[in-house]
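*Asks:* give me a model of this one.
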Amino acid sequence: MVAKEKIKNFPDKPGVYLMKDSEGGVIYVGKALSLKKRVSSYFLKFQPSVKTQVLLSYCRSIDRIVTSSEHDALILENDLIKQYKPRFNISLKDDKSYPYIKITKDDIPRVFIGYRRKAAENVDHFGPYTSSKLLRRALAILRKTFPFCTCRTFPKRVCLNYHMGLCAGPYQKKISKAGYRNIIKALGDFLTKRDTDLIDDLSSKMRGLVKAEKFEEAARVRDSLEALSILASLKKTDARQTSYGLAPEPTDDLSALGLDKEPKRIEAFDISDIGGTLAVGSMVAFKDGKPDKSNYRRFKIKTVLGNDDYAMMAEVVRRRYGRLVTKPDLIVIDGGLGHLEAVLRVLKELDLKLPIIAIAKSEELIYTVNHKNPVKLSADSGVLRLIQRARDEAHRFALKYHHLLRSKHAFRKTQDD
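*Replies:* Below you'll find the model as predicted:
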């Protein structure tokens, strides 16, 4: 039987556990949000199921692999089941659990999501990825830049997607076959180029467009960056890169964000405006995990004309830290990579080195200074929940101030009339 004393030393962290028989063969692989609690549950006093009793009768040892999140544990569990094919696992034994982006090699290619990779299939495969829902969102964003066909049977008349700019209309000869294939080639290049290189290229291009005040084009590049960030976070990791035995040292949520200790003081920023009118910014402070309302600040945007969130965020941060009194342990920016880079430029101008992250609302991806790709923490992460609370409070405070100014503006306009 398994030594229960050894199980007591399992960490209260997410990961994967491997049950082994007397010959050291893996007979079962499972995932857990808490390795300590999950594995201990097999040995509670109540009567386990017949399957569990049989499993435990063969089990002689249990190894574990700690992961940084439950999401990573799910991926690793899948890979280990495929590698070892344990007799007590009855699922996750083929690749159909992971979605792919598929592009057909037809005369006029179409793009869709599929779950099986067949060698005989006349398609190019990209992936696999780890979430169908998020993958669909990423493709929906990319379709604005690469308007591709998805129809299995092609309508004689142009469809709604064409009128919405989501399909180039090659079957109705709204674009030449060669022109459409160029769109598909560009999409394939986007999906195959290294994430870090593409992020650098797109970020540089977006900054140039913003500087040239080409905001619509900059918005399209920003959308591509968002899609790329989603895809980068969904890319399936290779289980063979991990050594299997006792758990390696885990990379916890704080270190993933570039922090060496829990932040005691957090300052979070947000911008609120409608089309660049009556734009305002907010800064809220959290101390020991609780709102420090006496240190909240609000800002009327003074130097930015038009709808330029990056420049507005830069202005607010510059005004806040231009006369810095207390250094925060963490700055939280409501936004994505572009917002983070705008603020980093301001901090560099002010010769300040402060821990900073940006969190995008759409998929809760966190952009950091020490990672090219965004970080996605587990939904039950305490660190993520604290960051979300600070971000949401900054958003609430900015929106409240914006509504106040709008009300005053409407009142003055009524008085003038």
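*Asks:* how far away from the center of its chain is the one helix or strand Val221 maps to?
*Replies:* Val221 belongs to helix 215-234 when assigned by DSSP states H and E. Chain-centre distance of helix 215-234: 12 Å, with Cα atoms, centre = their mean, to the nearest Å.
*Asks:* just the helices in the stretch 151-300 of the chain please.
*Replies:* For the stretch 151-300 of the chain, helices defined by DSSP state H, counting those that start in this stretch occupy the ranges 160-163, 177-192, 195-211, 215-234, 253-256.
*Asks:* next, the buried residues of the third one.
*Replies:* If I follow you right, that is helix 195-211. For helix 195-211, the neighbour count (16 or more other Cβ atoms under 10 Å) marks Asp195, Leu198, Ile199, Leu202, Ser203, Met206, Arg207, Leu209, Val210 as buried. Every residue, glycine included, has its C-beta placed from N, CA and C.
*Asks:* and the residues you listed, which two are the farthest apart?
*Replies:* Asp195 and Val210 (21.9 Å; Cβ to Cβ).
*Asks:* enumerate every residue touching the closest residue to Leu55 other than its chain neighbours.
*Replies:* Spatially, and ignoring its direct neighbours in sequence, Leu55 is nearest to Phe88 (5.2 Å; Cβ to Cβ, 6 or more residues apart in numbering). Phe88 makes contact with Met19, Ile27, Tyr28, Lys51, Leu55, according to Cβ atoms under 8 Å, 6 or more residues apart in numbering.
*Asks:* next, give phi and psi for the third one.
*Replies:* Looking back up the chat, that one is Tyr28. Tyr28 has phi and psi values of phi -160, psi 140 when expressed as degrees, to the nearest 10.
*Asks:* and it, how far from Leu80?
*Replies:* 10 Å (Cβ to Cβ, to the nearest Å).
*Asks:* could you do the last one as well?
*Replies:* When distance is defined by Cβ to Cβ, Leu55 is 16 Å away from Leu80.
*Asks:* of the two, which one has the most company?
*Replies:* Between Leu55 and Leu80, Leu80 has the larger neighbour count (other Cβ atoms under 10 Å), namely 23 against 18.
*Asks:* name the element the more buried one belongs to?
*Replies:* Per DSSP H and E: helix 70-84 holds Leu80.
*Asks:* name the SS class of the residue nearest to Leu55, please.
*Replies:* For Phe88, the assignment made with DSSP: H, G, I helix; E, B strand; the rest coil gives coil.
*Asks:* so it versus Tyr171, what's the distance?
*Replies:* With Cβ to Cβ as the criterion, Phe88 and Tyr171 are 51 Å apart.
*Asks:* contacting residues for the residue nearest to Cys149 when sequence neighbours are not counted?
*Replies:* Of all residues not flanking Cys149 in the chain, Arg110 sits nearest, at 4.4 Å (Cβ to Cβ, 6+ apart). Going by Cβ under 8 Å, 6+ apart, Arg110 touches Ile103, Thr104, Phe148, Cys149, Thr150, Cys151, Arg152.
*Asks:* how about Lys144, what does it touch?
*Replies:* Gly165, Leu166, Arg220, Asp223.
*Asks:* list buried residues within these.
*Replies:* The buried subset of the contacts of Lys144 - by 16+ other Cβ under 10 Å - is Leu166, Asp223.
*Asks:* from the contacts of Lys144, pick the one nearest Tyr129.
*Replies:* Checking those against Tyr129 with Cβ to Cβ, the nearest one is Asp223 at 18.4 Å.
*Asks:* surely the closest one and Thr145 touch.
*Replies:* Yes. Using Cβ atoms under 8 Å, Asp223 makes contact with Thr145 at a distance of 6.8 Å.
*Asks:* list residues touching both of Tyr28 and Leu80?
*Replies:* By Cβ under 8 Å, 6+ apart, the residues touching both Tyr28 and Leu80 are Leu18.
*Asks:* got the angle for the helix holding Val221 vs helix 195-211?
*Replies:* 160 degrees (axes from the mean of the first three to the mean of the last three Cα atoms, to 10 degrees).
*Asks:* out of the helices and strands in this structure, which is least certain?
*Replies:* Using mean pLDDT, DSSP states H and E, helix 4-8 stands out as the lowest-scoring helix or strand of the chain, at a mean of 73.
*Asks:* which outside residues touch the strand or helix carrying Lys36?
*Replies:* Using DSSP H and E, Lys36 falls within helix 35-40. Helix 35-40 has contacts (Cβ under 8 Å, 6+ apart) with 7-8, 10-15, 17, 30, 32, 62, 64, 66.
*Asks:* run the last query once more with 6 Å
*Replies:* Applying Cβ atoms under 6 Å, 6 or more residues apart in numbering, the contact partners of helix 35-40 are Ile7, Phe10, Pro11, Asp12, Gly15, Tyr17, Ala32, Arg64.
*Asks:* give the buried residues for the helix or strand following it.
*Replies:* Downstream of helix 35-40, the next assigned helix or strand under DSSP H and E is helix 50-58. For helix 50-58, the neighbour count (16+ other Cβ under 10 Å) marks Leu55 as buried.
*Asks:* who are the packing partners of the next helix or strand after helix 50-58?
*Replies:* Later in the chain than helix 50-58, the nearest helix or strand by DSSP H and E is strand 61-66. The criterion is 3 or more Cβ pairs under 6 Å, 6 or more residues apart in numbering; DSSP states H and E, and the helices and strands that strand 61-66 contacts are strand 15-20.
*Asks:* so where do the strands sit in the stretch 301-417 of the chain?
*Replies:* Ranges of strands in the stretch 301-417 of the chain, per DSSP state E, counting those that start in this stretch, are 330-334, 356-360, 365-368.
*Asks:* save these as JSON lines, and put in mean neighbour count and distance to Glu267 too.
*Replies:* Formatted as JSON lines, those follow (neighbours: other Cβ atoms under 10 Å; distance: least, Cβ to Cβ, whole Å):
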{"stretch": "strand 330-334", "mean neighbour count": "25", "distance to Glu267": "6"}
{"stretch": "strand 356-360", "mean neighbour count": "24", "distance to Glu267": "10"}
{"stretch": "strand 365-368", "mean neighbour count": "22", "distance to Glu267": "16"}
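*Asks:* export these to TSV and tack on distance to Pro99 and mean pLDDT?
*Replies:* As requested, these are exported to TSV (distance: least, Cβ to Cβ, whole Å; pLDDT from 0 to 100):
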stretch	distance to Pro99	mean pLDDT
strand 330-334	30	96
strand 356-360	22	92
strand 365-368	19	90
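*Asks:* thanks a lot, catch you later.
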